[in-house]
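Novice: Pasting the sequence and the predicted coordinates here, then a few questions.
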Amino acid sequence: MQVSNPWDVIFDAGEGRVVLGVDFPATRRAEAGFPDLAARIGPSYSLLLSNPPPARSSQRAHGAAYVAPWIEGIRQDGRQVAAVLGCCVGSVYAAEIVEGISQWQQAPEVILFNPQLPSNVHISLALHREISALSSLLSDDELERTRKLATEICQSVACDITDLAVEAAEAYWEVSSVAYERVGLGDSCDDKFIAPFDSYISWLAVAAQIDPCPVWENSTAVVSSDYALLPGGACRGDDGDYLIGRSIPFEVPHIDLLRSDSVASAVLGLLASR
């Protein structure tokens with residue numbers, strides 16, 4: 001799977017060790033991201049942020065092909081990876097990236113921020129969010145029909161998450177292309193609006209193919225005060241066992257976790273312990 005640049009440089013400390021951040025750079029999010037954390041941990045480490053492949057849900061990408069550009073990109077970089085950080089569903093990919101990096105160096109530290117397992121709830125919430133952003137351009141019937149589908153996706157228990165992703169992407173394309181045509185955007189809406197949504201849906205669907213448990217069992221989770229309320233949060237397996245090796249709670253809401261000074265201090269402590 002081709003991607004022009006698998007890693008974006010958030011901060012370059014030169015020849016020193018590298019910290020990798022794995023997260024989806026969504027456009028409509030209020031939550032803090034790894035650039036916020038980088039501003040607080042200072043210049044001791046280079047921080048690179050994952051750049052998702054340009055996948056579409058209809059391609060039904062496979063996990064190994066999806067993750068391969070990230071692993072190969074950092075192998076070619078040549079620097080020692082001190083840690084891999086994962087945020088939310090990005091924590092699943094962080095585990096797979098660590099497995100790859102461990103083929104040529106000591107396994108990096110793994111720090112997960114509110115780790116989440118992907119689910120149909122994530123897809124439903126994403127579709128609801130995008131439809132709400134378009135609400136002024138849609139008729140009542142279009143809104144009701146698409147919101148009903150988003151709710152059905154949330155409540156689905158039988159369908160594969162990959163199938164649900166394709167269904168959500170098709171529904172969004174159908175309603176959004178009409179909406180953008182009404183304001184004269186026409187064909188230009190795909191690259192600017194529809195493709196980013198489809199890329200995020202693919203991010204969720206491919207993550208569902210990956211088993212992060214072997215890495216998560218030896219990882220540290222930094223969790224917010226409302227972690228248990230997040231979709232796929234308070235990660236427990238089907239047998240009820242907690243999936244993370246160690247958890248460090250903070251009295252910080254999810255939205256501010258990566259912009260917290262106390263969290264940044266804890267991260268620096270974990271990195272220094274390597």
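Specialist: Structure's in. What do you need?

Novice: ranges for the strands of the stretch 101-250 of the chain?
Specialist: Taking DSSP state E, counting those that start in this stretch, the strands of the stretch 101-250 of the chain run over residues 109-113, 220-223, 246-249.

Novice: Identify whichever of these lies nearest to Leu258.
Specialist: strand 109-113 (6.3 Å; C-beta to C-beta). In short, each C-beta sits where N, CA and C put it, glycine included.

Novice: What lies in contact with stretch 252-259?
Specialist: 30-34, 36-37, 40, 87, 113-114, 222-227, 230, 250, 260, 262-263 (C-beta atoms under 8 Å, 6 or more residues apart in numbering).

Novice: Show me how the chain divides into domains.
Specialist: Residue ranges for the structural domains of the chain, counted by automatic domain parsing, are given in the record as 7-117+208-272, 120-206.

Novice: least reliable of those domains going by mean pLDDT?
Specialist: Mean pLDDT values for the domains of the chain show the minimum at domain 120-206, a mean of 83.

Novice: next one: that one to chain centre, how far?
Specialist: On the basis of C-alpha atoms, centre = their mean, to the nearest Å, the separation between the geometric centre of domain 120-206 and that of its chain is 18 Å.

Novice: Which elements pack onto the lengthiest helix in the chain?
Specialist: Longest helix in the chain by number of residues (criterion: DSSP state H): helix 161-182. Identification of packing neighbours for helix 161-182 by 3 or more C-beta pairs under 8 Å, 6 or more residues apart in numbering; DSSP states H and E yields helix 120-133, helix 140-155, helix 189, helix 195-207.

Novice: ok now do the closest residue to Leu127 other than its chain neighbours, which residues does it touch?
Specialist: With C-beta to C-beta, 6 or more residues apart in numbering as the criterion, Leu127 has its nearest non-adjacent residue at 4.2 Å, and that residue is Ala150. Ala150 makes contact with Ser124, Leu127, His128, Ile131, Ala168, Ala171 under the criterion C-beta under 8 Å, 6+ apart.
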